[in-house]
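# Next one to model:
(3 chains)
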Amino acid sequence: MLEGVKAIGKAMGTTFKALTEPRDTIAYPEKRREYAPRFRGKHMLARDEDGHELCVGCGLCEAVCPAQAIRVVAAEAPTDKPVSWTNRYSVDYEVDLIRCIFCGMCEEACPTNAVRLTPFNELAAFNRLDMIADKEELLSPPVRR
Amino acid sequence: MIRLTIDDREITVPEGTMVVDAAQELGIDVPIYCYHQALGPLGACRICLVQVEKMPKLVTACTTAVQEGMVVHTRGSAVDKGRQGVLEFLLINHPLDCPVCDKGGECFLQDYTFQYGSAAGRYDEPKIHKLKDAAINEFIIIDQERCVLCQRCVRFMGEYVGEEQLLLEGRGVETVVSTVSHQPMDSQFSGNVIDLCPVGALLSIPYRYKARPWNLERAESVCPHCPVACTTSVTSREGHVIRVEGRPIPGHDWGWLCDRGRFGYDFGYVEDRLLNAWLDGEITSAAESTRTIGSWLNDTLEQHGGDSVAFLVGGQQTMEEAYQIRRFADEVVGTSKVAVSRSVKGYLPLGLNGTFEDLDRADTIVYLGQDPYDAVPVVHLKVRDRYRDNPGLKVIGIGAYDLTRSTVPGDAFVLEPGEEAAFLAYTLAKVAASNPIIARLGEELGDFSPTFKGAKSEQEVETLGRQLLESEHLVLLWDGKDPHMESVLLALRGLREDVTAVLPTFGPANWRGFERAGIAVDYDRLEAFVEEAIQGKIHLLFSIGADLLRDYPDRERAKAALAAIDRVVSVGLFFPEQRELYHAVIPGAGWSEVDGTYTNMEGRMQVAKATVQPPGQSRPVRTYLGSWAHALKKSFVLEPEWDPFDHNAGDLIAKDALPEVQSVPKPARPAMKDGALRLVGTALVMEGGMPSEILQPRIPKYPGRISLADASRLGIGEPGGELGLRGQQGMISVMVAVDERIPQGVLVLPYGVVGSPLNQLGDGAVVEAVSLEEVSLR
Amino acid sequence: MKPEWELWAQEAKAEFPKANSALLPLLHRIQSQEHYLSEDTIRDVAVLLKLPVPYVESVASFYSLYYKNPVGKRIIHVCMGLSCALNGSDELMHHLEGKLGIQEGQTTPDGEVSLLEAECLAACNLAPVAQVNLRFVGPVTEDTADQLLTGEVKS
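Below is the predicted model:
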């Protein structure tokens, strides 16, 4: 009996000691952690100062992607409304965020610095199709709160 | 033979071999831009530098012939440094376009720079800017900044094809490749410069920005458009064919393609492609159509028996499919009525059939009825290749118009339409009258004597006869129109001591393969089928990949035949002409969608692999055969399949024995009223053939061709005009242009031109020009 | 095609063993009459000498003294070689361009003067040197440059 009380006392001692110690967790989502500046989250496709898409659809990201998560379809840029800085652009650009391992090789391979990995990492959806980010989605990158 | 050492390995090669080819034979890769075996050495790009012991400087492997005891090093610090220097020069004005360049990933400039080039350039000055993205014809764009001036394209067009349409313009760094007088290239072979270009200077417009090499799936295939069946490599991305390239076969074929074969691959994706099954003019489900057709088959068999069912096959299908169709007809339906839809009546026994190797050795080549440039373009290129090797090559064109052209000069005998066989019999009789075979051949000729358009003396006819008999290696290219020519060819073969090879330039593309697979292609069978249909003996017809109205020489008869059949089922890629004559139209699958074997005009069997799935509800014919058999509650086991390459299987129809020589009848010359024209049909690979959106800008707007004299009489100017024609069997209108090779009184019209059906009037028919109003009132 | 060209072609061919050797003299002679070589002229020459059209076109485009566009009566070549560049040929060219109101390679609208670049004319002692109707003038300073445009020249 005495043994039991002793054991409970010891356990509670540890508990109360921990109450006063600094906490290792944060109250997500009300509070958020500071990430490293080079944190690799969801992709974005950048534009230049004039608002033209930087992506020329060369597909090097697609080639280098170890998870084969990227699909690029290029085409001749429309001449009536300038969307691209050159005469070639990507009509389709899809990243399968379920497959993606966020290694950042696409960013590294991009010759026009169009693909960038943002710090945004809150990726969740109720079905798989929603996890495939299309070009429109990638061109308007989400902001991390 | 010469022995030399390359990279410490010994090899023996024939004298005159270039070091680069000797290295190639050893499997040693020497970089190349300008050299091409078909074009010969030039030494323009300098990238193939190698070190030869006892030679003071590096030498170019492509211009150095092998010598006894030569010791060559293809790698090493000196060689690598030399190549690095060459690349540095080549890259001075080369734009950094790789991410947007279609050649990126399969570019020799990239590859060799990666292998030998330096990591950074030392040239800081601004690059010279030249013309970019300029179309040099409907299919090709040029980017002069990317060009390394290897001159492959210029030499191919000028030296190899003989149509000088490209040139080098300017001097020094400002040199560019350009078209003559900046006019678009219109050669039938223009697309080959895309394959030849080692960098991204000449690119395909239809393939522009479509894919990168790592997106692609490649499959070995053969071209389906004409009986040459060139070997191709079909490239697809995401289930879509997006490119066709030539596939060289070392020692046999350079891999050249004509523009029809290279760019006409999109027939599977045009708007007219059938994607659904149709029953009595309504779209229906695949299951419903199968059930209905199965019940038709069941009812017909019960009521009229097996022989009331017929199969009409197009002749473009694979040999395996042909075999399955024949077995289905034999075993499941129990009918012997399987005919091949054809537009010409001729047949060539296998024993007479030559090969392309014969063209390589020929000293005399005779075109019978057709200019190979138009009908089987790559054969023209092979003839030209032979002419380059042997400028003494004799080329003789015998037909209703001048069949020769400047790229392979020859002698033209221009006859009345349809008299080629009689003329040859007449010619042979002149030089070998005593021969019993010739006597037999000429029995019915009577007092026939040819009339030539353009002067030809009796002397020249005799010379021709001698050439035919005495040439050392005779090759004849036959258009298959006149069935009596078979006897002439047999007689010629019987008379001559040396090689006599005939190449059939007529379609359908896989008719030789059909024969091997057990479906006889004789025109008589088609004729018998049409006759029986008109007599009401056929109650159910399966028209598989065929279009009787388009192919059969007499359109009205074809119409009557189809109308007399109770149920007509069509399986194909497109709606057949006058679809109201068909009760069911179901979507088939074709080239690039089914695996199979094709036999070309030289009897060579070649495998074509499928790269894509058939679109929509379209299925290969074997699927339909299986489900119809199922509807009859009969088993039709598709496996084990017959293997065309299995020698034990053999030809299912033995055609080795040569038939007897028959006499050639005297051609009847129809009475020609003043101003009348005679129609001459011909197979043209560009004008006729399958629909294609890519080729549309190239397909001539004026497929018909008439002489200048007739054109000015009928008021047809440049570039051409529409002409109404009235024959005995009806009226058509046709777009015609002037061709100086056509004699007066002849109108050459390709088969299969949409809207101008030659068979409405008939091949060889006498027609008169009428006003267009009259045609529209018919 | 002018009727005398056929004779000229015969004469040029007679001087050389091969037809293509006769090309340069014939082109020169025709150019001296026509002042430039139009695409039609090039086709005619190809026919006269039985050479491929692209061959003649390539040759005509290779040499800078064959003019493929109409030129003026007074043709000024400004040397762009190294010595001339160091001695201010660029400024000279700009000066002439401003004076004539045309760019390098162009002809004044009245058809009087053409202004062309030349590679080294091998007259470095006269740098910067110009040629007026193929006669050397130099060294040309900004002051003397205007004389190129007005001074008397033998052609």
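
# B:L348: what secondary structure?
The three-state assignment at B:L348 reads coil, by DSSP: H, G, I helix; E, B strand; the rest coil.

# Given the lengthiest strand in chain B, what are its sheet partners and their directions?
Looking across chain B with DSSP state E, the single longest strand is strand B:730-738. Here strand B:730-738 is paired, per DSSP bridges, with strand B:704-706 (parallel), strand B:721-727 (antiparallel).

# would JSON lines of the ones you listed with mean pLDDT and mean neighbour count be doable?
Every C-beta, even on glycine, is put in place using the N, C-alpha and C of the backbone. Formatted as JSON lines, these follow (pLDDT from 0 to 100; neighbours: other C-beta atoms under 10 Å in any protein chain shown):
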{"stretch": "strand B:704-706", "mean pLDDT": "93", "mean neighbour count": "27"}
{"stretch": "strand B:721-727", "mean pLDDT": "90", "mean neighbour count": "20"}
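
# Rebuild these as a markdown table, extending it with distance to C:H28.
Below are those laid out as a markdown table (distance: least, C-beta to C-beta, whole Å):
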| stretch | distance to C:H28 |
| --- | --- |
| strand B:704-706 | 42 |
| strand B:721-727 | 44 |
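
# Between the ones you listed, which one is closest to B:Y347.
When the strands paired with strand B:730-738 are compared by C-beta to C-beta, strand B:721-727 sits nearest B:Y347, at 26.8 Å.

# and the spatially closest residue to B:A631 that is not a sequence neighbour, what are its phi and psi?
Nearest residue to B:A631 in three dimensions, chain neighbours excluded: B:G294, at 2.4 Å (C-beta to C-beta, 6 or more residues apart in numbering or on different chains). The phi/psi pair for B:G294 (degrees, to the nearest 10) reads phi -60, psi -40.

# swap in B:V13?
Given degrees, to the nearest 10, the pair of backbone angles that B:V13 has is phi -130, psi 160.

# Quick check: pLDDT value at the residue nearest to B:A631.
Per-residue confidence (pLDDT) for B:G294: 93.

# So it sits against B:W628, correct?
Yes - between B:G294 and B:W628 there is a contact under C-beta atoms under 8 Å: 5.3 Å.

# Tell me which of the two has more neighbours.
Set B:G294 next to B:W628 and count neighbours by other C-beta atoms under 10 Å in any protein chain shown: B:W628 wins out with 22 against 18.

# I'd say that one and B:S295 touch.
No - with contacts defined as C-beta under 8 Å, B:W628 does not count as touching B:S295, sitting 10.1 Å away.

# thinking again about what came up before, okay, buried residues for the longest strand of chain B please.
B:M731, B:I732, B:S733, B:V734, B:M735, B:V736, B:A737, B:V738 (16 or more other C-beta atoms under 10 Å in any protein chain shown).

# quick one, the helix or strand just after that strand and strand B:730-738 angle?
Later in the chain than strand B:730-738, the nearest helix or strand by DSSP states H and E is strand B:746-750. Orientation check (axes from the mean of the first three to the mean of the last three C-alpha atoms, to 10 degrees): strand B:746-750 against strand B:730-738 gives 100 degrees.

# quick one: strands adjacent to strand B:746-750?
Going by DSSP bridges, the partners of strand B:746-750 are strand B:677-682 (parallel), strand B:704-706 (antiparallel).

# helix or strand right after it?
The C-terminal neighbour of strand B:746-750 among helices and strands, as given by DSSP H and E, is helix B:758-761.

# contacts for that following helix?
Defining contact as C-beta atoms under 8 Å, 6 or more residues apart in numbering or on different chains, one finds that helix B:758-761 is touched by B:343, B:550-556, B:558, B:679, B:681, B:725, B:727-732, B:749-751, B:767.

# Just the buried ones among these, please.
B:343, B:550-555, B:558, B:679, B:681, B:725, B:727, B:729, B:731-732, B:749-751, B:767.

# Now do the strands in chain A.
According to DSSP E, chain A carries its strands in the segments A:43-45, A:70-76, A:88-96, A:115-117, A:132-133.

# any residues touching the first one, and which ones?
This means strand A:43-45. Under C-beta under 8 Å, 6+ apart, the answer for strand A:43-45 is A:53-55, A:93, A:95, A:100, A:106-107, A:114-118, A:133, A:135, A:138-139, A:141.
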